[in-house]
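Peer 1: Take this sequence and fold it.
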Amino acid sequence: MTRAARRPTVRRIYDPADPGDGVRVLVDRLWPRGLAKADAHVDEWPKSLTPSTELRRWYHAAEGDAYEEFRRRYEAELAEPEAAEALDRLRELARKGPLTLLTASKEPDRSHAAVLVELLKG
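Peer 2: The predicted structure follows:
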């Protein structure tokens, strides 16, 4: 029997690393502005897991509350083979120990990171 996956933590990449973070995975497609790679303490950066450039641009330009539509479109992207494989890798990491998803988003609870957490806990 395999251990159940732990619920990953979402943190802003600009916050200092914490010893309890476990594996730190950057889930943004673009490297965060103004942050040196040596200071980020990122263990993995699976770009195939991130929203496409088109989806990211659409979401940032959308009028009103577009989160649910963004979520639907992003989940469809995550069903693609390369993204699904990267998501399986995150599930494996979560089963092994603490996992922290890192994002530069100012609203992590309404970002792709929140979608990933929901998919990982299921």
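Peer 1: What is the neighbour count of Tyr59?
Peer 2: A total of 19 residues lie near Tyr59 under the criterion other CB atoms under 10 Å. C-betas here are computed from N, CA, C, even on glycine.
Peer 1: Quick check: it touching Ala66?
Peer 2: Yes: between Tyr59 and Ala66 a contact is recorded at 6.1 Å, counting by CB atoms under 8 Å.
Peer 1: Convert the C-alpha atoms of stretch 46-53 to PDB, please.
Peer 2: Taking Å, rounded to 0.1, in the frame of the first residue of the first chain, the C-alpha atoms of stretch 46-53 are listed here in PDB:
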ATOM      1  CA  PRO A  46       8.600  21.600 -14.600                       C
ATOM      2  CA  LYS A  47       7.600  24.100 -17.300                       C
ATOM      3  CA  SER A  48       5.300  21.500 -18.900                       C
ATOM      4  CA  LEU A  49       3.100  21.800 -15.800                       C
ATOM      5  CA  THR A  50       2.600  25.500 -16.100                       C
ATOM      6  CA  PRO A  51      -0.300  27.300 -17.900                       C
ATOM      7  CA  SER A  52       0.400  27.900 -21.500                       C
ATOM      8  CA  THR A  53       1.500  31.400 -22.500                       C
END
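Peer 1: Can you classify Thr100 by secondary structure?
Peer 2: Under DSSP: H, G, I helix; E, B strand; the rest coil, Thr100 falls in the strand class.
Peer 1: next one: Arg24
Peer 2: Classified using three-state DSSP, Arg24 is strand.
Peer 1: and it, how many neighbours?
Peer 2: Residue neighbour count, defined by other CB under 10 Å, stands at 21 for Arg24.
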